[in-house]
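# Everything below, folded, please.
(3 chains)
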Amino acid sequence: MPELPEVETTVRGLRPVLEGQRIERVTVNRPDLRRPFPHDLGQRLTGATVTGLGRRAKYGLVETDRGDTMVFHLGMSGRWRIDPAEAGKHDHLLLDTPGHRLALNDARRFGSVDLVPSAELAAWPPFAALGPEPLGPDFSAAHLAAAFDGRIAPVKLLLLDQRIVAGLGNIYVCEALHMAGIAPVREVGRIARARLARLVDAVREVLEAAIAAGGSTLRDYARPDGELGYFAKQWRVYGREGEDCACGAPVLRRVDGGRSTFWCAKCQR
DNA sequence: ATCTGCTCCTGTTTGC
DNA sequence: TGCAAACAGGAGCAGA
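Prediction:
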């Protein structure tokens, strides 16, 4: 599942083959993913030179010299294939530069591609309400305390709220809560400040470890170069229902609205 | 404003 | 063996 670390890994993988390159050809094999591509995507990208790559939350950013930024979201199954040996069944968008072919492949089509004037990115509706980057300076215990104040929702739910912190998904929220010793169902308004500080540290630690490992994988995530990430092996609770936590107690799983939560009732209170 | 629950999509895994 | 149901889940939205 591409969460922040996987998107960061993807961007880092794309940078050497895209930065400074001219997009000579754009092929749209299918005009939409989760929502339609911009109708003039090909026209606006063809001939443009990529001036930089970046990331905001779980979105990848491809900035061009035309004043546009292509914003992509990988959804659940999205990945960029670099110089694929053969056409993939779900290669929805192809970008050809003088040296490489890039294919955006997304079997489950939960992803998106948009073209946004670079100067208006911050005000672009999907970005306008995003919270701070979890690896940035504005994500702190004080920030969480303010965001959680007076609310009764379970902490896991609010950590998934991109308006509070931008970039966490189901996997890393489960992992960070375990690392911080906080139960997923804990009401946010009843978490002591010191524990929020631990949570902030845990979020940063788990994300940085995942980026260092090259991004996680479940089944269908691949790095841009096609190599599978391997951080999955380091998960403490995610996907480990019934196995022993490091403390010896079993890892538990519950499902809310079709979404799984993994935790240890002994370590997390 | 907050919260719950549903929808989208399809390849893979699980269960009978 | 074969087929159906479950499962993965980010984001957006309706409705209470």
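
# Alongside DNA strand B, which residues does chain A contribute?
Within chain A, the positions near DNA strand B by CB under 7 Å from any atom of the strand are A:34, A:76, A:89-90, A:107-110, A:151-154, A:157-158, A:219-220, A:256-258. All C-beta spots, glycine's among them, are computed from the backbone N, C-alpha and C.

# Just the ones of these in strands?
Among these, the members found in strands (DSSP state E) are A:Asp256.

# now the residues of chain A next to DNA strand B: which count as buried?
Neighbour-count burial (16 or more other CB atoms under 10 Å) applied to these gives A:76, A:90, A:107, A:109-110, A:154, A:157-158, A:220.

# how about these in TSV, adding distance to DNA strand C?
Formatted as TSV, those follow (distance: CB to the nearest atom of the strand, whole Å):
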residue	distance to DNA strand C
A:Met76	4
A:His90	13
A:Ala107	9
A:Arg109	8
A:Phe110	4
A:Pro154	14
A:Leu157	11
A:Leu158	13
A:Asp220	9
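
# Identify those among those that sit within helices.
Among those, the ones falling in helices (DSSP state H) are A:157-158.

# The buried ones among the residues of chain A next to DNA strand B: which two are farthest apart?
Greatest spatial distance among these (CB to CB): A:His90 and A:Pro154, at 34.7 Å.

# Looks to me like A:Asp114 is in a strand.
Yes. Counting by DSSP: H, G, I helix; E, B strand; the rest coil, A:Asp114 falls inside a strand.

# thought it was touching A:Leu61?
No. Applying CB atoms under 8 Å as the test, A:Asp114 and A:Leu61 come out as separate, 10.4 Å apart.

# who touches both of those two?
Taking CB atoms under 8 Å, 6 or more residues apart in numbering as the criterion, A:Asp114 and A:Leu61 both touch A:70-71.

# outside of the top helix by length along chain A, which residues touch it?
If you go by DSSP H, chain A has its longest helix at helix A:193-212. Defining contact as CB under 8 Å, 6+ apart, one finds that helix A:193-212 is touched by A:3-6, A:8-9, A:134-135, A:139-141, A:144-145, A:148, A:155, A:159, A:165, A:167-168, A:172, A:175-177, A:179-182, A:191, A:216, A:231, A:234.

# can you narrow these to ones near DNA strand C?
Restricting the contacts of helix A:193-212 to contacts with DNA strand C (CB under 7 Å from any atom of the strand) yields A:Glu3.

# ok, of the contacts of helix A:193-212, which come out buried?
A:3-6, A:8-9, A:134, A:139, A:141, A:144-145, A:148, A:155, A:159, A:165, A:167-168, A:172, A:175-177, A:179-180, A:182, A:191, A:216, A:231.

# Need the phi and psi values for the residue in the stretch 101-250 of chain A positioned nearest to DNA strand C.
Nearest residue of the stretch 101-250 of chain A to DNA strand C: A:Gly169, at 3.0 Å (CB to the nearest atom of the strand). When quoted as degrees, to the nearest 10, the phi and psi of A:Gly169 stand at phi -130, psi -170.

# I'd say it and A:Leu160 touch.
Yes. In this structure, A:Gly169 is within contact of A:Leu160 by CB under 8 Å, at 7.0 Å.
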